[in-house]
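# sequence and predicted structure, then a few things I'm wondering about:
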Amino acid sequence: MENVKLNIFKTPDEVLTAIVAYFIKLGNEAITQNGIFNVALSGGSSPKKMYEMLASSDYKEKLDWDKVYFFFGDERYVPADSPESNYLMSKKALFDPLQIPSSQIISVNTTLPPDQAAEAYASAIYTHFKPYNVKFDLILLGLGDNSHTASLFPHTSILQDRESSVKAVFLEDQQVYRISMTAPMINEAHQIAFLLYGAGKAEAVHHVLEDETNIQEYPAQLIKTDNSDIQWFLDEDAAGMLKNK
């Protein structure tokens, strides 16, 4: 992957500090250029720590939060008040501490049936971007141990989707639905950043970045763009199996 940029740090704390600085820099640049910063968030424990840092006294004054609009790369098909909800995690870690109004948060309505929830969320995104030229300033991503990102899971039909959209994904092994942006929608972003750390991620990182292309087994290989660099923020443990650093 020619335009992959690796940012490797010794510790998870250093990784988080670096990606928070990157987030603030991009946000300020977007607001200066366009008066708005459109960012899609990721779920999980690593992003939670990032969001808590952004909302902390050290960082919260460094960005004009009134001009930031928040979206989600994917969402679990659970009620908004479920501990599993990406929205709820972000609300507690970021939105509430920064007093972000609901008008700046575009989330998935999981009270609708899965396919309708995906359609309604896609429609809300298209409306915000007026319409169809959907190009986020930043999409944050994680990486699962099975090389999935967002809710692009191995051997699911969304991996073949060529439309910039949002789809419901049924995970047979877990018997649950997820709602996810498609790879084409993610790839249209101005900037894409993966955040991960820990030795448990090393094998997946190696598969995605250095193995032969096998989208069905390593879906995060779908994330590739000619628009800009794809930034990977990782610690030395997560990068431990990479041959080319």
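Sure thing, it's come through.
# tell me the pLDDT at residue 84?
pLDDT for residue 84: 96.
# that one is in contact with residue 75, isn't it?
No - using C-beta atoms under 8 Å, residue 84 is not in contact with residue 75; the gap is 9.6 Å. Every residue, glycine included, has its C-beta placed from N, CA and C.
# those two: which has the busier surroundings?
Taking neighbours as other C-beta atoms under 10 Å, residue 84 and residue 75 compare with residue 75 leading, 28 against 13.
# which residues does that one contact?
43, 85-87, 107-108, 110, 121, 151, 178-180 (C-beta atoms under 8 Å, 6 or more residues apart in numbering).
# thought residue 216 was touching residue 155?
Yes - if you go by C-beta under 8 Å, residue 216 and residue 155 touch, sitting 5.4 Å apart.
# so which of the contacts of residue 75 sit within helices?
Per DSSP state H, helices hold the following members of the contacts of residue 75: 86-87, 121.
# dump these to CSV, plus distance to residue 15 and neighbour count.
Output for these, formatted as CSV (distance: C-beta to C-beta, whole Å; neighbours: other C-beta atoms under 10 Å):
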residue, distance to residue 15, neighbour count
86, 20, 25
87, 24, 23
121, 29, 26
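# nearest to residue 138 among the residues you listed?
residue 86 (16.0 Å; C-beta to C-beta).
# nearest spatial neighbour of the closest one, skipping sequence neighbours?
Closest residue to residue 86 apart from its sequence neighbours, by C-beta to C-beta, 6 or more residues apart in numbering: residue 43 at 3.4 Å.
# C-terminal to the lengthiest helix in the chain, what's the next element?
As assigned by DSSP H, the longest helix anywhere in the chain is helix 12-34. Proceeding N to C from helix 12-34, the next assigned helix or strand is strand 37-41, under DSSP states H and E.
# tell me which residues are up against that next one.
23, 26-27, 30-31, 47, 51, 63, 67-73, 86, 90, 94, 128-129, 136-140, 181, 186, 189.
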